[in-house]
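> Please work out how this folds:
(chains A and B)
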Amino acid sequence: MTPVLEVSRLCVDLPLPAGMLHAVRDISFQVGQGETLSLVGESGCGKSLTALAVMNLLPQGARRTAATLRFSGLDLTRASEAEMSRIRGNQMAMIFQEPMTSLNPCYTIGDQLEEALREHRPVSRQQARERAIYLLEKVGITAAGSRLRQYPHQLSGGLRQRAMIAMGLMCGPSLIIADEPTTALDVTIQAQILSLLASLQREFEMALILITHDLGVVARVANRVAVMYCGQVVETGTVREVFEKPIHPYTQGLMDCIPVPGKTPPGQPLGSIPGLVPTPIGQLFGCSFRNRCPRASRACAASDPDLVELGPGRAYRCLLSPEACLGPARAEGR
Amino acid sequence: MNRPVIEVQDATKTYQVSAGLFKGQLPLQAVNGVSLDVAKGSVLGLVGESGCGKSTLARLILGLEDLSGGQIVLDGQPLARLGRQAISRRVQPVFQDPYSSLNPRKSIGSIISLPLRALKIGRPADWPDQIDEIMAVVGLAPRLKHNYPNQLSGGQRQRVAIARALIMRPELVICDEPTSALDVSVQAQILNLLMKLRAELGLTYILISHNLSVVEHMATRVAVMYLGRIVEEAGAVELYRRPRHPYTQALLASALTPEPGLGLPETHLGVAYPNPIDPPPGCTFHPRCPKADRTCSTVPPPPTLEGGRLVECHHPEPL
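Residues are numbered from 1 along each chain as shown, chains lettered A, B, ... in the order given. I've put the predicted structure just below:
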């Protein structure tokens, strides 16, 4: 089966006063129909820019290069701006973190949903309205007909996010990119919205790219995961593989940072990753995680580790062998 | 049990909110008859959805808001009689967003020492030493004293906020979402720091968080708030092991722990958190409750205390 989206060797560079920021470095991934891929990492790791690069919505001045950027058989590296705007919101939809800032406060929910469809399809207002009501009901909004006349501020956070999802679905996209879709919501609403996304994805057989910093969300929703650090993918695999046996020292560190009920003894110190995320500006060399890595040696500064394939879809980026990564770290400090 | 640092007795806070243009004002009961004791050295976790009144309760304890009813007793004295300065010597806050809670135009040293200067504590000649000492305690390099907040990372800023709170040597620190704005790896550093400081300085915390895993990890007791009331309160271990209130059960079930294969929970909570201006009659949770019957929709459940656990429900899970 051909993947819905295929990305290889994607790079994004942003010119800053301090030098060139290599925000996304050599990222490759693919998502198939009905599959959920999660890009996970801390702020500044390049996960959102990766998504924006796919949609060609990068900030001005940013430079995008890629060996392959193929969406439903279409080469996006050669697509013109007009072609891109035909795809965006049509076959490729995006759901953002804060629905209050991505919905227009001056228009009703109905106007915005209908526009999303009429922009791309030659349908009448009446048809667009019917589709909007159908989808609002699908996303669990009761009294959909009267909600169409409401403005975004009249809805609660959870309802706004549901309306955003409905808007993304108006044209029946084959790919949805959700960037931190539940971060602004309460835990109870988060669980509902994620179940909704998952069931819609199954029903309409869409590919889903879920961008998040929350490992709990990844574990419960995604099929495959790519852990990002400093613009690179440092580990990738199925959710089960990565969560049950993380290989890269960064992934291992991240997993130790979150308290897990029944595993982490309450009140005891959590594992933590010392130091700070470096900013990938200027000429880069060596492994970007070496300053914070408990297993780093002199070799890590000398050469840039490649992504090592362990099996289909399973890879990690470290100079050490998987056994050495999983073995005991050197007791002495660096 | 130790002497409580703070006793909240039937605290109530009512705001007047506009009901709409030309419609006058309506009362909003943000905190509605809350009673709590926080023992010295304990960590009380306060959880609930947004709008349940947990931050208002924190502001009441800090003396930033006046009570509409009931009283709060700090070290045996009612808060209302203590005055702002006396309160701030004993209770200090650490807020969520270290990007907005630090003055961008003041140096770190000046931010940390502001409480000392404002309250004229000790001799000015001793202040620099005190700043150095507290910065060492929270793990900030002394050279950062002359830097400004925008030169610091999120984790460092939160350490500054903690240092500013601790320089007063308070007994009680109210941490309102102390790590929500931070990255996972930094969150662990700050949580570890808070635990270390509690042991070393004998601090008492009230920890407000929507992250239930963090509360489970840190808290000794947990209070669950819903629409301005505490609907369940118990020791942390007991509460997480066997939640009695249906709301607590739903809340705990909806927490997504990083365990693949478990899938997404079905909470049966329905969509809407009720409008606090127009709370449902009877038990305020009944419209979302799977166990609700006719009594629940008419009679508010009385608080019942059983085996050191408080629960407000007509049909609680048996102990």
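
> Backbone dihedrals for the residue most central in space within chain A, please?
Most central in chain A under Cα atoms, centre = their mean is residue A:211, positioned 2.1 Å from the mean C-alpha point. Backbone torsions of residue A:211, given as degrees, to the nearest 10, read phi -100, psi 120.

> Could I get the full set of helices for the stretch 201-334 of chain A?
For the stretch 201-334 of chain A, the helices defined by DSSP state H, counting those that start in this stretch occupy A:215-221, A:239-244, A:249-257, A:298-302, A:322-326.

> Now render those as a markdown table, adding mean pLDDT, distance to residue A:193 and mean neighbour count.
C-beta here means a position set from N, CA and C on the backbone, and glycine is covered the same way. Putting the helices of the stretch 201-334 of chain A into a markdown table (pLDDT from 0 to 100; distance: least, Cβ to Cβ, whole Å; neighbours: other Cβ atoms under 10 Å in any protein chain shown) gives the following:
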| stretch | mean pLDDT | distance to residue A:193 | mean neighbour count |
| --- | --- | --- | --- |
| helix A:215-221 | 93 | 10 | 24 |
| helix A:239-244 | 95 | 19 | 19 |
| helix A:249-257 | 93 | 24 | 22 |
| helix A:298-302 | 90 | 40 | 13 |
| helix A:322-326 | 91 | 35 | 14 |
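
> Let me know which of those is the nearest to residue A:279.
Of all the helices of the stretch 201-334 of chain A, helix A:249-257 sits nearest to residue A:279, with 16.3 Å by Cβ to Cβ.

> now the closest one, how far from the chain's geometric center?
Its chain's average C-alpha position is 19 Å from that of helix A:249-257, according to Cα atoms, centre = their mean, to the nearest Å.

> One more: stretch A:287-304?
Relative to the chain's own centre, stretch A:287-304 is displaced by 26 Å; criterion: Cα atoms, centre = their mean.

> What of stretch A:37-56?
5 Å.

> and the end-to-end length of that stretch?
Start and end residues of stretch A:37-56 are separated by 19 Å (Cα to Cα, to the nearest Å).

> quick one: buried residues of that stretch?
A:37-42, A:44-56 (16 or more other Cβ atoms under 10 Å in any protein chain shown).

> which SS class is the residue of the stretch 1-150 of chain A found nearest chain B?
Relative to chain B, the nearest point of the stretch 1-150 of chain A is residue A:42 (4.0 Å; Cβ to the nearest Cβ). Here residue A:42 is recorded as coil under DSSP: H, G, I helix; E, B strand; the rest coil.

> and the nearest residue to residue B:101 once chain neighbours are set aside, what is it in contact with?
Of all residues not flanking residue B:101 in the chain, residue B:95 sits nearest, at 4.4 Å (Cβ to Cβ, 6 or more residues apart in numbering or on different chains). Residues counted as contacts of residue B:95 (Cβ atoms under 8 Å, 6 or more residues apart in numbering or on different chains) are B:101, B:161, B:176, B:177, B:178.

> Next, count neighbours for the closest residue to the third one other than its chain neighbours.
The one in question is residue B:176. In this structure, residue B:176 finds its nearest non-sequential neighbour in residue B:208, 4.7 Å apart by Cβ to Cβ, 6+ apart. The local packing of residue B:208 (other Cβ atoms under 10 Å in any protein chain shown) involves 25 other residues.

> what sits against residue B:208?
Listed by Cβ under 8 Å, 6+ apart, the contact set of residue B:208 reads B:45, B:46, B:47, B:54, B:55, B:58, B:174, B:175, B:176, B:177.

> so how far is stretch A:156-173 from its chain's centroid?
17 Å.

> right, I mislabeled it, should have said stretch B:77-96
Relative to the centre of its chain, stretch B:77-96 is centred 15 Å away, using Cα atoms, centre = their mean.

> Tell me where the model's unsure across chain B.
Scanning chain B for pLDDT under 70 picks out B:1-2, B:270-272.

> Would you mind naming what in the stretch 1-150 of chain A lies close to chain B?
A:42, A:43, A:140, A:141, A:142 (Cβ under 8 Å from any Cβ of the partner chain).

> When you compare pLDDT across those, which one is lowest?
Minimum pLDDT for the residues of the stretch 1-150 of chain A next to chain B is recorded at residue A:142 (79).

> Please tell me how far that one sits from residue A:156.
Here the criterion is Cβ to Cβ, to the nearest Å. By it, residue A:142 lies 13 Å from residue A:156.

> Please apply the same query to residue A:26.
Taking Cβ to Cβ, one finds residue A:26 at 42 Å from residue A:156.

> centroid residue for chain B?
For chain B, residue B:208 is the residue whose C-alpha lies nearest the centre (Cα atoms, centre = their mean; 3.0 Å).

> that older thread, what about the contacts of residue B:208, which are in strands?
Mapping the contacts of residue B:208 onto strands (DSSP state E) picks out B:45, B:46, B:47, B:174, B:175, B:176.

> ok, how many other residues are close to the nearest residue to residue B:165 once chain neighbours are set aside?
Leaving aside its chain neighbours, residue B:165 sits nearest to residue B:92 (3.8 Å; criterion: Cβ to Cβ, 6+ apart). Each residue near residue B:92 was counted by other Cβ under 10 Å, and the total is 24.

> repeat for residue A:175
Residue A:175, neighbours per other Cβ under 10 Å, totals 22.

> so it makes contact with residue A:210?
No. Between residue A:175 and residue A:210 there is no contact under Cβ atoms under 8 Å: 11.8 Å.

> quick one, what contacts residue B:187?
Applying Cβ under 8 Å, 6+ apart to residue B:187 gives the contacts A:257, B:179, B:214.

> Tell me the one among those nearest to residue A:301.
In terms of Cβ to Cβ, no member of the contacts of residue B:187 lies closer to residue A:301 than residue A:257, at 24.7 Å.

> Next, find the distance separating the closest one from residue B:191.
9 Å.

> which one of the contacts of residue B:208 sits closest to chain A?
Out of these, the member with the shortest distance to chain A (by Cβ to the nearest Cβ) is residue B:47, at 9.1 Å.

> Burial check on residue B:269, number of neighbours?
Residue B:269: 24 surrounding residues under other Cβ under 10 Å.
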